[in-house]
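J.: Please find the sequence and the predicted model below.
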Amino acid sequence: MKSMEKIVSLCKRRGFLFQSSEIYGGVQGCWDYGPLGVELKRNLKEAWWQDMIAGHNELLKPDTAPSSFEMVGLDCTIIMHPQVWKCSGHFDLFHDHMVDCKESKKRYRFDQVRGRWVEYQDKKIFVSTLAEIETELDDVRRRGMKFFRLRNKDADKITIGDESITLDKLDSTTEVLAPDAKNLDTLTEPREFNLMFKTTLGALGGEEDATFLRPETAQGIFVNFKNVLDSSRVRVPFGIGQIGKSFRNEITPRNFTFRSREFEQMEIEFFCHPNQSQEWYRYWRDRRLNWYVSLGLSSDSLIMREHHQEELAHYSVGTADIEYAFPFLPEGEYGELEGIAHRGDFDLRSHMEGKLDPSTSPMTVELNEHGKPKYRGSGKDLSYRDEILGEKFVPHVIEPSAGADRGVLAFLCEAFTEDEAPDEKGKMQTRTVMRLHPRIAPIKAAVFPLVKKDGMPEVAREIYGDLKKHMTVFYDEKGAVGRRYRRQDEAGTPFCITVDTETLENQTVTVRDRDSLEQSRIHMDELAAELQKRIGGV
RNA sequence: GCGGGUGUAGUUCAAUGGUAGAACAUCAGCUUCCCAAGCUGAAUACGAGGGUUCGAUUCCCUUCACCCGCUCCA
């Protein structure tokens, strides 16, 4: 049985994950990687970088891709110019105003709750509802009548306002019947929930120097688009990848590292011709799903969830989430590992012209009450000139955005297995094994002398030293060999190399496989090559 | 942010208004030729702050963290 409790406890016990600042009681939503965890996470990030960026061959067209393409990397700062977040839309989106209902204890986005004025005799109240647009009027009528204790036959005695308006357009909430309340005036004052971490540039900085820790790494790529074009001779279609920390002040961090306040992203912004964006979207969506499977996530536990048309910004051809059946979720529910979004030209154009209004088509710059751009863009030309087509255009963007910490968590959950094997007394013992893919396993191989005598430790140490030049290895000569095997099972080490009597005679060692428990005999000199073959990847 | 629950050793759990125990894990030694064996020994814990009390890990308050449900999740 995979329980989150067991996984969390193993992570702590073996040094995969610790709570941040634990000796002071911990900090909500912050987690540290221990000695094993840091290797696992590094391996995952390196596998991503290798498979997406460094190892990409721009000369060959992948089978399923519309054409060949280039990939380059980037590493941007966490603190950026404040205007970046205004034009990206994060400044507005992350400054939600929320109200709490004192009666129902529910919380609502202030600008998302709508309703109508309802009048009966001398009394006028504002009935709010979360119902869909189509059923909104009926819901307001029903709740309004209930409030005034009217029967169906009295339906015409109340007057319902023609206009459906949101709470933020009201002067006060004292006459408001909250969506889940029976009484009036149960809402608190709207309060700001700032989901971005505010910080200050410069030691003496005041409010005008305020900026934010980035809530995503993507914007660093967009604002460097021109720099990359000018310096690296890449041509559309091409992608820019980045791995780095991002910060979101989550209201309710929970579920171990799944929703952390400080987390690491692995993002690609892929720039292509608008006419080809749909094909590229499908290519990246399928390729990214396969990547997780190739590293050992079971396809039964993964789903690709395409967002419905109504969830999409109008400029987007599609957005899909790759989701994993985390053990802390109820049966049949999935948590997001990665989102692949078609972003059109929203980002590049917003950084050129000023923040666009995504609800307009074609998109125009969002204006303030004076008819000026609400947030001014950089004014720099971020379009692309295709010399072959003789065409100038703003590329469309496909964004595969993965959470590194969520990936690590998914692989930990997937790897955790318990099986039962009889010990030498015939008593059943539980064996805990982390079946991590050899490519991401923190330790690739452990080296043991079978016993701590007869010159076996000396030979084993020599092998250890040689292997260390090629991969992460672990040396252990303490206690019974069975116990040492079990320890490595919990760490997810795929191979254990044991020096025995035969080694002293013919220089062969046994290689024990973590999953099959099978042992094969290999000559010492071939060990590094053989292990690298079995680990796969690069 | 709301409601409920839980905080004791590295882990999983006991007990107690007056000296805090166990199992496994860890370390040292002996033993050991292939899957958590055995023997001997060792180290290690009451989340934090305040209050009540002669005395608090235990009772009370506050706080922090974790778990469950709601809420939120661009």
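T.: Now that the structure is in, tell me what you want to look at. Numbering: from 1, shown residues only, chains lettered A, B, ... in the order given.
J.: could you pull out the strands for the stretch 51-200 of chain A?
T.: Counting by DSSP state E, counting those that start in this stretch, the stretch 51-200 of chain A has strands at residues A:70-73, A:95-100, A:107-109, A:114-120, A:123-129, A:158-160, A:165-166, A:176-177, A:191-194, A:198-200.
J.: same thing with the stretch 401-538 of chain A?
T.: Under DSSP E, counting those that start in this stretch, the stretch 401-538 of chain A gives strands at A:416-422, A:428-434, A:445-449, A:473-475, A:495-499, A:508-513, A:519-523.
J.: Alpha carbons only: can I get the first one in PDB?
T.: Taking C-alpha atoms only, strand A:416-422 is exported to PDB below (Å, rounded to 0.1, in the frame of the first residue of the first chain):
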ATOM      1  CA  PHE A 416       8.100   3.700  -3.500                       C
ATOM      2  CA  THR A 417       7.200   0.000  -3.300                       C
ATOM      3  CA  GLU A 418       7.000  -2.500  -0.500                       C
ATOM      4  CA  ASP A 419       7.200  -6.200  -1.000                       C
ATOM      5  CA  GLU A 420       7.500  -9.100   1.400                       C
ATOM      6  CA  ALA A 421      10.300 -11.600   1.400                       C
ATOM      7  CA  PRO A 422      11.100 -14.300   4.000                       C
END
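J.: quick revisit: so which of the strands of the stretch 401-538 of chain A is the most surrounded?
T.: Comparing those by mean neighbour count (mean count of other CB atoms under 10 Å), strand A:445-449 ranks first with a mean of 26. From N, CA and C alone the C-beta is placed, and that goes for glycine too.
J.: what does that one rub up against?
T.: Outside strand A:445-449, the residues within contact range by CB atoms under 8 Å, 6 or more residues apart in numbering are A:456-457, A:459-461, A:463-464, A:467, A:471, A:473-477, A:481, A:484, A:488, A:493-499, A:531.
J.: can you check stretch A:2-19 too?
T.: Applying CB under 8 Å, 6+ apart, the contact partners of stretch A:2-19 are A:26-27, A:30-37, A:40, A:255-257, A:327-328, A:412-413, A:416-418, A:432, A:434, A:490-491.
J.: Do me a favour and average the pLDDT over it.
T.: Stretch A:2-19 carries an average pLDDT of 90.
J.: could you check whether that stretch is close to RNA strand B?
T.: Yes. Against RNA strand B, stretch A:2-19 shows contacts by CB under 7 Å from any atom of the strand at A:Met4, A:Glu5, A:Val8, A:Ser9, A:Lys12, A:Arg13, A:Gln19.
J.: got the residues you listed as JSON lines, with secondary structure and neighbour count columns?
T.: Listed next are the residues of stretch A:2-19 next to RNA strand B as JSON lines, based on DSSP: H, G, I helix; E, B strand; the rest coil; neighbours: other CB atoms under 10 Å:
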{"residue": "A:Met4", "secondary structure": "helix", "neighbour count": "15"}
{"residue": "A:Glu5", "secondary structure": "helix", "neighbour count": "9"}
{"residue": "A:Val8", "secondary structure": "helix", "neighbour count": "17"}
{"residue": "A:Ser9", "secondary structure": "helix", "neighbour count": "11"}
{"residue": "A:Lys12", "secondary structure": "helix", "neighbour count": "14"}
{"residue": "A:Arg13", "secondary structure": "helix", "neighbour count": "11"}
{"residue": "A:Gln19", "secondary structure": "strand", "neighbour count": "16"}
